[in-house]
Every structure is written in C-alpha cells, then in structure tokens.
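Enquirer: Provide a 3D model corresponding to the input given below.
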Amino acid sequence: MIGYVILGTNDLPRAVSFYDTLLGEIGLTRQMDFGERGYGWGANMDAVMLCIMTPLDGKPATIGNGTMTAIGVDSRYKVDLLHAKALELGAEDEGAPGLRPIGGDGFYAAYFRDLDGHKLDVFTYAE
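Expert: The predicted structure follows:
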C-alpha cells in the first residue's frame, strides 16, 4: 500500500503555491513540514500524502519518464475541477477529462504536468 509519493522541485515556493491552491480544491491541506526541503499534503496524518521536496542530494530535481502520480477523487466533478484548476495555475494539459478505455469500465480521468513537469492523473470510478 502506498503511504506517500514525493515529487522533486527546483522552485519550492512556486510548487508550494501551486499545490496549496490545487489540493485545497478537494480539501487537502499540508500535513507534514520538512522545513526548507518541502511539505506533504493529505487529508490527515494517516492518509496517503503527496509530498513536494527539493532533492536530498542537492542535485537538480528531474522528472521521471514513464512516472505518473494519480490522485483519486470521489466524483467526475472533482476530476473536472482539479484539471481546470491545474491548467489555470499554469500546468500543461496532458489529456482532458473523460472516460478512458484503460482502467476498466467507468474510469474517468484527466492528465496534466505540474510546474516542474511531473505528470499527474486525477481519476474516479464514480458517476
């Protein structure tokens, strides 16, 4: 079971502003504070968290080819909302909201790249 995902950034203040606003749309807040290195967002300390951090080794953060982080939500409305908000905040569209053949019946998803180029998916199986 996944406990948390960490995405690297080279501009922590910009990334924090993006994720505070984006994840705030679905009620997620900062749960972890790693000082000058980053933060973790989630519903509570026992829930899966998405963390944004500068790399521990001091080298530049890079994106992973073939790597994607998925955010599960409980409605198609929230998929649409988060995708639109991400684009409004400067993210790059990687696939508009809609039903997808991959993921099984009723898999509704949208894709975008955050300000550091990480690919994210917002999805639901709800109607």
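
Enquirer: Show the contacting residues for residue 72.
Expert: If a contact means Cβ atoms under 8 Å, 6 or more residues apart in numbering, then residue 72 has 123-124 as its contacts. C-beta here means a position set from N, CA and C on the backbone, and glycine is covered the same way.

Enquirer: For it, list each beta-bridge partner.
Expert: residue 123 (DSSP bridges).

Enquirer: That one and residue 98, how far apart?
Expert: Using Cβ to Cβ, to the nearest Å, residue 72 is found at 17 Å from residue 98.

Enquirer: cool, and residue 17?
Expert: Following Cβ to Cβ, the distance that separates residue 17 from residue 98 is 28 Å.

Enquirer: What of residue 121?
Expert: Between residue 121 and residue 98 the distance, using Cβ to Cβ, works out to 12 Å.

Enquirer: Mutual contacts of those two, please.
Expert: Common contact partners of residue 121 and residue 98 (Cβ under 8 Å, 6+ apart): 109-110.

Enquirer: Looking at those two, which is more packed in?
Expert: residue 121 (19 against 12; other Cβ atoms under 10 Å).

Enquirer: Go ahead and confirm that one touches residue 73.
Expert: No: in this structure, residue 121 is not within contact of residue 73 by Cβ atoms under 8 Å, at 10.7 Å.

Enquirer: can you give me how far the biggest strand by length in the chain is from the chain middle?
Expert: Counting by DSSP state E, the longest strand found in the chain is strand 92-99. With Cα atoms, centre = their mean, to the nearest Å as the basis, the distance from the averaged C-alpha position of strand 92-99 to the chain average is 14 Å.
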